[in-house]
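Engineer: I would like to see how this sequence folds:
(chains A and B)
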Amino acid sequence: MIPEIGHFALILALLVALVQGTFPIIGAARRNSVWMGLAVPAARAQFFLVATAFFCLAYAFASMDYSVTYVATNSNSKLPLQYRIAAVWGGHEGSLLLWAFILNVWTVAVSFFSKHLPDQLRARILGIMGLISIGFILFMLTVSNPFERLIPAAFDGRDLNPLLQDPGMVFHPPMLYMGYVGFSVAFAFAIAALIGGQLDATWARWSRPWTTLAWVFLTIGIMGGSNWAYYELGWGGWWFWDAVENASFMPWLVGTALIHSLAVTEKRGGFKAWTVLLAICAFSLSLLGTFLVRSGVLTSVHAFATDPRRGLFILMFLVVVIGGSLALFAWRAPKIGRGGMFQVVSRESFLLANNVLLAVAAISVLLGTLYPLFLDALGMGKISVGPPYFDTVFAPLMTPAVFLMGLGTLARWKKAELPELSIRLRWAFGVSLATALILPFILGHWTPMIGLGLFLAFWIFTTTVNLLINQLKSNQLSLIFKIKSIPRSWWGMVVAHLGIGFFVLGVTIVKGYESETAVKMLPGDVAHLAGFDFTFDGIKEVQGPNYLSEKGQITVSVMGKEKTHLFPEKRLYTVQNMPMTEAGISPGVFNDLYASLGEPLEGGAWSVRIYYKPMVEWIWAGCGLMAIGGLLALSDKRYRMKKRGQILAVENKGVA
Amino acid sequence: MKRFLIPLLIFIVLVAFLGIGLNLDPREVPSPLIGKPAPIFSLARLDDPSKSMSPKDMLGKVWLFNVWASWCGACRDEHPLLVALSKTGIVPIYGMDYKDTRQDAQQWLDMGGNPYVANAFDVNGRVGIDYGVYGVPETYVIDKKGIIVFKQIGPITEEVLRDKILPLVKGLQTQ
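Structural biologist: Reported below is the predicted structural model:
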């Protein structure tokens, strides 16, 4: 009964989405306020219905209803409750439902926080989000129904893929989807503004917090996924340039560009057409990512089973949504006025350069991801594009981007003086260069890449310090008052940029100085790596809820002094008879020690891989700082005013 | 005006490739079951419910396992090829009738010819779940030890049969 309620709620949601996607938009064109007024109640009703469907499916999982095909395929009675719930998005149909649900979370949020918007704009935004929703609900109801019954019911389920039975599975996909789908708000704002022809500073100001929030979620989602891969896949890598990782990374790159370009549009009225294009592209790349994952045109560890009809459906959907919005862009964008003029050396030009670099980076990732497909389509054979391509392309693109980032925050709007900038940054440049040349010799050895990475990381740190000093010494007021008077969004920028510095430093150090060893170990044997002694204490058999585990213990010591223990595991998930490796990790600020069990050898020996990963945690700490920076910017007080009058008052003050 | 059309044009090229890719690739995506033992089952036979069929019975020979249904249009396309193959006697074909009724299935075999040595009758698709069946037809090549060596998602074409399945089967039979 419950699954039928879910199914029925989904059908009703489709009907409501049809209303939401048509009447308000037509009403906005005809200035019919009754039709426009349908947008808000329809959005809320649709949210209620999709949420009902979502919770019905979650209930089916929680109550182990194996008469539902999707539940029987992705769950098992021995699966712990938290993974049974996470299994809702463990397969194709359920992750679509999660997609639709999150789209509705964003839509309903917009319906509540858009009271200050002009009615027409509000109706259009909600209408466009309704149109997107139609596509996804229709997709589920036609070829991917999560509520399909299996009659007679299965006695027990086939279990969730053991790779997904991890706390990461509980948080990573919802976060990632919040980010992906969150760009639909910026997209809807952009399309609504294109239709209405009102691309101005106010449009940019309204879009900014939504875009930043989506970007924060996406950052956290990608960070979580990377961290998950690091400890789950068992060989210490943290980014694989896998097609599906790339699918989440491309919207991130474009979203990052969008955040910066929105700032220019709001503050200086410039880059309007470019900003709109970025907003369209960020969401389009999210949709493209969905297509790549769902259609199975690319092979990936994330790909779900393939069904040509599903791929075709999403492709048609892409054509309508992306093709339609790009056609609208081509039609309306020429009428957008140009922004204010600026000099070659100015904050605008630095931001523009960074924007272009980020966009080119996104395009090169897209190219690398789809290149195998292009070749295959042209009948030129099957190849795979691996990390070498991406590493080669990425470093030269990101180096100037990071360098300009340091300059851009210091440069003035409109026109900055190059001599003045270079005098201010002399010492920052000197310190970074000296660090890049000297520090590697203290750490062990010097290579050009280590030098470059250190230079960039310290360039960010030193220019940030310079920026802080400059901001705080600018007038005679007390320090505390000055700190308080600086807007939160400024602090957000500083923290997020520091995050990039942490990230670059982490990547540089771990790539430059990591080491590993693979040894055959009997209980009592000792392995040596990077000044640590690893003693293999033996293996214990442990029974998990739905797996058998052989759990090793390794004692780590330095010069005879015990430091920590590592517990690498080899699990056998009994339902699917699938072995899994769980790494044993001792994380630390300056290094991670990482062990994973290989195969059992004769005589009670095991093959063991041990990794020394210096400063690898800084990679995720950096991402975390970026997300915190985004949240700080969001907490800025100018976003906390809801009433129309207050905003107008501020605007007037700004003009005066 | 023209430069604002560039994004759209790029997108159209992209869609063309994605569309081609959609038709190319899905059948080539390797199944996670390849290299693994064929999941064990014991199902009633289609022609005689009192007899059962299990992959264990086929140990020691190379065989094709074809999942089909009378309601499946693509199976109709592939069927003559299977009938022709069965007449050559190169490799035995075992079938599994998926989510079907005995009457419809039997009628279909009477009409189109019966290439199968025997058919298992998977009325609710439970065994199909074990084999990761998402759409019929699907065909597996299983070796003498009962290991799945190859999986074809979608109908077998003449090319696939000639270039992939038959050379593979001949290689496995000499092992």
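
Engineer: Show me where the stretch 301-450 of chain A has its helices.
Structural biologist: A:308-318, A:324-332, A:347-377, A:387-408, A:418-424, A:426-443, A:448-472 (DSSP state H, counting those that start in this stretch).

Engineer: Revised request: answer the last question for the stretch 451-600 of chain A.
Structural biologist: For the stretch 451-600 of chain A, applying DSSP H, counting those that start in this stretch gives helices covering A:479-485, A:488-513.

Engineer: Report all helices and strands that the first one contacts.
Structural biologist: Packed against helix A:479-485 by the contact rule (3 or more Cβ pairs under 8 Å, 6 or more residues apart in numbering or on different chains; DSSP states H and E) you find helix A:448-472. The way it works is simple: take the backbone N, C-alpha and C, and place the C-beta from them, glycine included.

Engineer: and the helix it packs on, what's its mean pLDDT?
Structural biologist: For helix A:448-472, mean pLDDT rounds to 91.

Engineer: Go through that helix and flag the buried ones.
Structural biologist: Residues of helix A:448-472 classed as buried by neighbour count (16 or more other Cβ atoms under 10 Å in any protein chain shown): A:450-464, A:466-467.

Engineer: measure stretch A:507-525 end to end?
Structural biologist: From its first residue to its last, stretch A:507-525 covers 32 Å (Cα to Cα, to the nearest Å).

Engineer: List the buried residues of that stretch.
Structural biologist: A:507, A:508, A:509, A:510, A:512, A:513, A:514, A:519, A:521.

Engineer: I'd like the distance from it to the chain centre, please.
Structural biologist: Chain-centre distance of stretch A:507-525: 30 Å, with Cα atoms, centre = their mean, to the nearest Å.

Engineer: biggest separation within the buried residues of stretch A:507-525, which pair?
Structural biologist: Across the buried residues of stretch A:507-525, the longest distance by Cβ to Cβ is 31.6 Å; it joins A:508 and A:521.

Engineer: Would you state the helices of chain B in chain order?
Structural biologist: Assignment of helices within chain B using DSSP state H yields the ranges B:2-24, B:73-88, B:102-112, B:126-130, B:158-159, B:166-174.

Engineer: ok, is the fifth one in contact with chain A or not?
Structural biologist: No: legend: contact between helix B:158-159 and chain A by Cβ under 8 Å from any Cβ of the partner chain is lacking; minimum distance shown is 13.5 Å.

Engineer: Can you name the residues in contact with that helix?
Structural biologist: residue B:81 (Cβ atoms under 8 Å, 6 or more residues apart in numbering or on different chains).

Engineer: one more time with 6 Å, if that's ok
Structural biologist: If you take Cβ atoms under 6 Å, 6 or more residues apart in numbering or on different chains as the criterion, helix B:158-159 is touched by no other residue.

Engineer: Also the longest one?
Structural biologist: Around helix B:2-24, the neighbours that count as contacts under Cβ under 6 Å, 6+ apart are A:297, A:311, A:315, A:319, A:322, A:326-327, A:330, A:333-334, A:373-374, A:376-377.

Engineer: now do 7 Å
Structural biologist: Around helix B:2-24, the neighbours that count as contacts under Cβ atoms under 7 Å, 6 or more residues apart in numbering or on different chains are A:277, A:295, A:297, A:308, A:311-312, A:315, A:318-319, A:322-323, A:326-327, A:329-330, A:333-334, A:370, A:373-374, A:376-377.

Engineer: Give me the buried entries from these.
Structural biologist: Among the contacts of helix B:2-24, those that count as buried by neighbour count (16+ other Cβ under 10 Å) are A:277, A:295, A:297, A:308, A:311, A:315, A:318, A:322, A:326, A:329-330, A:333, A:370, A:373, A:376-377.

Engineer: out of those, who's near chain B?
Structural biologist: Intersecting these with the contacts of chain B gives A:277, A:295, A:297, A:308, A:311, A:315, A:318, A:322, A:326, A:329-330, A:333, A:370, A:373, A:376-377 (criterion: Cβ under 7 Å from any Cβ of the partner chain).

Engineer: Pick out the most distant pair among those.
Structural biologist: Among these, the pair separated by the greatest distance (Cβ to Cβ) is A:308 and A:333, at 35.4 Å.

Engineer: how near is residue A:533 to residue A:555?
Structural biologist: Residue A:533 sits 8 Å away from residue A:555, going by Cβ to Cβ, to the nearest Å.

Engineer: next one: residue B:161
Structural biologist: Using Cβ to Cβ, residue B:161 is found at 58 Å from residue A:555.

Engineer: Name the residue in these two with the higher neighbour count.
Structural biologist: residue B:161 (20 against 15; other Cβ atoms under 10 Å in any protein chain shown).

Engineer: Next, the contact list for the closest residue to that one other than its chain neighbours, please.
Structural biologist: Nearest non-adjacent residue to residue B:161, counting by Cβ to Cβ, 6 or more residues apart in numbering or on different chains: residue B:81, 6.2 Å away. By Cβ under 7 Å, 6+ apart, the residues touching residue B:81 are B:156, B:158, B:161.

Engineer: Near the nearest residue to residue A:310 once chain neighbours are set aside, how many other residues are there?
Structural biologist: The spatial neighbour of residue A:310 that comes closest, neighbours along the chain excluded (Cβ to Cβ, 6+ apart), is residue A:143 at 5.2 Å. For residue A:143, the count of nearby residues is 17 (other Cβ under 10 Å).

Engineer: ok, residue A:143 touching residue A:313?
Structural biologist: Yes: using Cβ atoms under 7 Å, residue A:143 is in contact with residue A:313, at 5.9 Å.

Engineer: next one: phi and psi at residue A:148?
Structural biologist: phi -60, psi 140 (degrees, to the nearest 10).

Engineer: ok, now the one 10 residues further on?
Structural biologist: Backbone dihedrals for residue A:158, given as degrees, to the nearest 10, come out at phi -80, psi 0.

Engineer: For residue A:335, see how far away residue A:208 is.
Structural biologist: Remark: distance between residue A:208 and residue A:335 (Cβ to Cβ) = 23 Å.

Engineer: what is residue A:149 paired to in the beta sheet?
Structural biologist: For residue A:149, the beta-bridge partners under DSSP bridges are residue A:68.

Engineer: Can you give me every residue that contacts it?
Structural biologist: Neighbouring residues of residue A:149 by Cβ under 7 Å, 6+ apart: A:3, A:67, A:68, A:69.

Engineer: I'd say the third one and residue A:3 touch.
Structural biologist: Yes: taking Cβ under 7 Å as the contact criterion, residue A:68 and residue A:3 are neighbours in contact, 5.1 Å apart.

Engineer: Comparing the helices of the stretch 451-600 of chain A, which comes out most buried?
Structural biologist: Among those, ranked by average contacts under mean count of other Cβ atoms under 10 Å in any protein chain shown, first place goes to helix A:488-513 (a mean of 21).

Engineer: Could you pull up the mean pLDDT of that helix?
Structural biologist: Rounded mean pLDDT across helix A:488-513 is 93.

Engineer: Ok, stretch A:332-349 next?
Structural biologist: Averaging pLDDT along stretch A:332-349 yields 78.

Engineer: What residues sit buried inside it?
Structural biologist: A:332, A:333, A:336, A:339, A:342, A:345, A:346, A:347, A:348, A:349.

Engineer: Kindly report the same for stretch A:408-420.
Structural biologist: Across stretch A:408-420, burial judged by 16+ other Cβ under 10 Å covers A:408, A:409, A:410, A:411, A:413, A:416.

Engineer: average pLDDT across that stretch?
Structural biologist: Averaged across stretch A:408-420, the pLDDT comes to 79.

Engineer: could you redo the contacts of residue B:81 as CSV and give each row pLDDT?
Structural biologist: As requested, those are exported to CSV (pLDDT from 0 to 100):
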residue, pLDDT
B:156, 85
B:158, 81
B:161, 88
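
Engineer: Among these, which one lies nearest to chain A?
Structural biologist: Closest to chain A out of these is residue B:156 (15.5 Å), distances taken as Cβ to the nearest Cβ.

Engineer: Grab the nearest non-local neighbour of the closest one.
Structural biologist: residue B:78 (5.1 Å).

Engineer: do the same with residue A:387
Structural biologist: In space, residue A:387 is closest to residue A:241, 5.0 Å off (Cβ to Cβ, 6+ apart).
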